[in-house]
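S.K.: Predicted model and sequence follow; I will ask about them next.
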Amino acid sequence: MSSCLDSLKISDDKKKYIVDTLNPILEELVTELLKKCPEDPLQYIIEFGYAKKGGAAASVISDSQAAELKQEIAFLKEKMAESNQMVASMTDQEKKNQEKKKEEGSDEEEDEEEDDDDDVDEIPENTRMTEQAKKHEHP
């Protein structure tokens, strides 16, 4: 093992892991970073990891997860369409109700005006007939 690792206070198993597993990956990564000098080294490291793992750099989920998400999206789109239809139906019904109320309201206003004309608050004194005059009028 490397003399550098000998000075570290870690177990021999971990030193072996560093030399056999981590070192080759890190050497390749550092070499690529130094060659390309990316503006965003962290993003490059992430993409490097995905590429080493055998997946596409942008792929973060498995194919089965993607399929499940597509099914869920389709289901939610269907529910959204149903909800939109319900809202549209309710909106149409509300408009009809408002129109009906306006029509009924204008009819009621006309009726009230007619009723107002028919109502007499008080009969003027000079036009009132006394009980006796009414009796004499119709024998």
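M.R.: Received the coordinates, thanks.
S.K.: For the chain, which element, helix or strand, carries the lowest mean pLDDT?
M.R.: Lowest on mean pLDDT, DSSP states H and E among the helices and strands of the chain sits helix 131-137, with a mean of 58.
S.K.: tell me the secondary structure for Pro38?
M.R.: coil (DSSP: H, G, I helix; E, B strand; the rest coil).
S.K.: In contact with it, which residues are there?
M.R.: Counting by C-beta atoms under 8 Å, 6 or more residues apart in numbering, Pro38 touches Tyr44. Bear in mind the C-beta positions are built from the backbone N, C-alpha and C, glycine included.
S.K.: Distance of it relative to Leu5?
M.R.: According to C-beta to C-beta, to the nearest Å, Pro38 and Leu5 sit 29 Å apart.
S.K.: Check Tyr50 too.
M.R.: The spacing between Tyr50 and Leu5, counted by C-beta to C-beta, is 29 Å.
S.K.: gap between the two ends of stretch 30-45?
M.R.: 9 Å (C-alpha to C-alpha, to the nearest Å).
S.K.: how's the chain carved up into domains?
M.R.: As given by automatic domain parsing, the domain ranges for the chain are 1-60, 62-101.
S.K.: Including mean pLDDT, could those go into TSV?
M.R.: Putting those into TSV (pLDDT from 0 to 100) gives the following:
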stretch	mean pLDDT
domain 1-60	83
domain 62-101	87
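S.K.: May I ask you to name the longest helix in this structure?
M.R.: helix 63-118 (DSSP state H).
S.K.: host element of Ile10?
M.R.: Using DSSP states H and E, Ile10 is not contained in any helix or strand.
S.K.: Also Gly49?
M.R.: Using DSSP H and E, the element containing Gly49 is helix 41-53.
S.K.: Show me what that helix is packed against.
M.R.: helix 23-36 (3 or more C-beta pairs under 8 Å, 6 or more residues apart in numbering; DSSP states H and E).
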